[in-house]
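Student: sequence and predicted structure are below.
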Amino acid sequence: MDRLLRSLLRGFIRRGSVEFTTADGVRFRCGDAAEASVAARFLTRQAQRRLITNPELALGEIYMDGSFVMERGSIADLLAIVMDQPDVLPRWAKLQWCLRYLTRHFGQFNFRGRSRTNVAHHYDLDGRLYSLFLDADKQYSCAYFETPDTTLDDAQLAKKRHLAAKLLLDKSDRVLDIGCGWGGLGLYLAETAGVDVTGVTLSTEQVQVANARAAEKSLSDRARFILQDYRDVPGPFDRIASVGMFEHVGVDFYETYFRRCAELLSDDGVMVLHSIGRSEGPDATNPWIAKYIFPGGYIPALSEVLPAIERAGLLVCDIEILRLHYAETLKAWRERFMARREEAVQFYDERFARMWEFYLAASEMAFRKQNMMNFQIQLTKRQDVVPITRDYIPHEEARLRARERGSRPVLKMAGE
């Protein structure tokens, strides 16, 4: 088995350098560098067999279980090399990928009951976990780094400001926030732009926190958060925002999603969709992510999204691609999590902490090495609703920034 493992790994890892040690103590190096800055060890033969049998699923599992350990460097260092290879997948894993791709519709068939279960799996975890690594506003989506040295808190504020600018808000607007999270964006819109916000989520934990935050800020009359499926929300609304939720819709429900948004949006309304996306066409969800992190989740390619928008009768006014912003966001999350990792162990256990560490590291490297990105799509029903150039965006951001100065609270670590 050692010989087979060495042959397979050397055939895959051709860029960079990694030293592996098998359960029987055999060492070998993979890659094109003279020395390996990263070294890992298999502690059991079973871990080696699992990696050979199903590498995309097994690497995360054997790291979680502690049967695959880092001896030099971190799991993030290893994944930075593994996910930067000429071949995205090991050749011996391509048949499994084909089977997953052919059956991906079953894993993403997110009817109402299944959507609630999937959301609860990830978002109804102990709230203290998210306080370990998120910013003070508990923004759990891609930040917007205006400069390389922007802090995470400022980058998340810039993201909210950037989205608000694209919504072209007026104080009389009724705004729907689909997938409102812990209420950060909705509260920003209500407080800074003075609009009326309804946020919907399927997470009981999130809706409780969001409403408590609204009450604490004395914004309950303008910002309310409801445990409800977007398909059941009554309208109409002047503006719709959806941030970090579309990844949970499922490819078979894209047309349902956009048709419902079209029904909810007023004739002169504006919608902004912010989602993770793929730059290289349709794919299948990584099996480890689907099993442990986001069941039912799928990251779409624009080629899968735009036809559904067209069929819903909505007009695309603007598309912006954010390339490395999420890589930097995830790096900040990972560093914050690792600084407080022992607290995660206390909340759950060591296996859970390794799972979360692997999740953040793998996600960061997917954006840094494998051309994942975020897209923001601005939608209307009429051609004349949005200005014909993009100059209004920085002007709106400047206006909102001036309003923030008068209402911005003192930032604290999330959970304080």
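Tutor: Cool, the structure landed.

Student: mean confidence for stretch 281-290?
Tutor: Over the span of stretch 281-290, the pLDDT mean works out to 90.

Student: now do stretch 294-311
Tutor: 93.

Student: pull the CA atoms of it into CSV?
Tutor: This file holds the C-alpha atoms of stretch 294-311, laid out as CSV (Å, rounded to 0.1, in the frame of the first residue of the first chain):
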residue,chain,number,x,y,z
PHE,A,294,-23.3,22.9,4.2
PRO,A,295,-25.6,20.0,3.4
GLY,A,296,-27.8,20.9,0.3
GLY,A,297,-25.4,23.7,-0.6
TYR,A,298,-24.1,24.5,-4.0
ILE,A,299,-21.9,27.3,-5.4
PRO,A,300,-23.2,28.3,-8.8
ALA,A,301,-21.6,29.4,-12.0
LEU,A,302,-23.0,32.5,-13.6
SER,A,303,-23.9,30.4,-16.6
GLU,A,304,-26.4,28.6,-14.3
VAL,A,305,-27.8,31.8,-12.7
LEU,A,306,-28.3,34.2,-15.7
PRO,A,307,-30.8,32.0,-17.6
ALA,A,308,-33.0,31.7,-14.5
ILE,A,309,-32.9,35.5,-14.2
GLU,A,310,-33.9,35.9,-17.8
ARG,A,311,-36.8,33.5,-17.6
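
Student: go through it and flag the buried ones.
Tutor: Within stretch 294-311, the residues scored as buried using 16 or more other C-beta atoms under 10 Å are 294-302, 304-305, 308-309. Heads up, the C-betas are built off the backbone N, CA and C, glycines and all.

Student: same question, stretch 206-223
Tutor: Neighbour counts using 16+ other C-beta under 10 Å place 206-207, 209-211, 213-214, 217, 219, 222-223 of stretch 206-223 among the buried residues.

Student: cool, stretch 63-71 as well?
Tutor: In stretch 63-71, the ones that count as buried by 16+ other C-beta under 10 Å are 63-65, 67-69.

Student: for stretch 81-99, same thing?
Tutor: Buried residues in stretch 81-99, counted by 16+ other C-beta under 10 Å: 81-83, 85, 90, 93, 96-97.

Student: do stretch 243-260 as well
Tutor: Neighbour-count burial for stretch 243-260, counted by 16+ other C-beta under 10 Å, picks out 243-251, 253-254, 256-260.

Student: farthest pair in the residues you listed?
Tutor: Put simply, by C-beta to C-beta the two of the buried residues of stretch 243-260 set farthest apart are 244 and 259, 21.0 Å from each other.

Student: and the residue lying closest to residue 254 once chain neighbours are set aside, how far is that from residue 377?
Tutor: Of all residues beyond its chain neighbours, the one nearest residue 254 is residue 308 (3.8 Å), with distances taken as C-beta to C-beta, 6 or more residues apart in numbering. Taking C-beta to C-beta, to the nearest Å as the measure, residue 308 falls 11 Å from residue 377.

Student: run a quick check on residue 14 versus residue 33, I expect a contact.
Tutor: No: with contacts counted by C-beta atoms under 8 Å, residue 14 stays clear of residue 33, the gap being 10.7 Å.

Student: low pLDDT regions in the protein?
Tutor: Applying pLDDT under 70 to the chain picks out residues 97, 101, 103-116, 118-124, 406-416.

Student: so where do the helices sit in the stretch 1-150 of the chain?
Tutor: Per DSSP state H, counting those that start in this stretch, the stretch 1-150 of the chain carries helices over the ranges 2-12, 45-53, 55-65, 75-82, 94-102, 104-107, 112-123, 127-131.

Student: run the angle between the fourth one and helix 55-65 for me.
Tutor: It refers to helix 75-82. 160 degrees (axes from the mean of the first three to the mean of the last three C-alpha atoms, to 10 degrees).

Student: what's the answer for the first one, then?
Tutor: Per the same axes, to 10 degrees, the angle that helix 2-12 makes with helix 55-65 is 120 degrees.

Student: show me what helix 2-12 is in contact with.
Tutor: With contact meaning C-beta atoms under 8 Å, 6 or more residues apart in numbering, helix 2-12 is reached by 18, 20, 22, 24, 26, 28, 30, 42, 48, 51-52, 85, 87, 90-92.

Student: taking these, tell me the two that lie furthest apart.
Tutor: Every pair of the contacts of helix 2-12 checked by C-beta to C-beta; the farthest is 24 and 87, at 27.4 Å.

Student: what about the strands in this protein?
Tutor: 17-21, 27-31, 38-42, 68-72, 174-178, 196-201, 223-227, 237-243, 265-278, 315-322, 372-380 (DSSP state E).

Student: show me what the first one packs onto, helices and strands only.
Tutor: Right, the one you point to is strand 17-21. helix 2-12, strand 27-31, strand 38-42, helix 75-82 (3 or more C-beta pairs under 8 Å, 6 or more residues apart in numbering; DSSP states H and E).

Student: neighbouring strands for that strand, and are they parallel or not?
Tutor: Under the criterion DSSP bridges, strand 17-21 sits next to strand 27-31 (antiparallel), strand 38-42 (parallel) in its sheet.

Student: which residues does residue 364 contact?
Tutor: Contacts for residue 364 (C-beta under 8 Å, 6+ apart) come out as 76, 327, 330-331, 334.

Student: domain-wise, how is this protein divided?
Tutor: 2-102, 112-407 (automatic domain parsing).

Student: so which of those domains is the most packed in?
Tutor: domain 112-407 (a mean of 19; mean count of other C-beta atoms under 10 Å).

Student: which residue is the nearest non-sequential neighbour of the spatially most central residue of the chain?
Tutor: The C-alpha lying nearest the average C-alpha coordinate of the chain belongs to residue 141 (C-alpha atoms, centre = their mean; 5.5 Å). Excluding its sequence neighbours, the residue lying closest to residue 141 (C-beta to C-beta, 6+ apart) is residue 244, at 3.5 Å.
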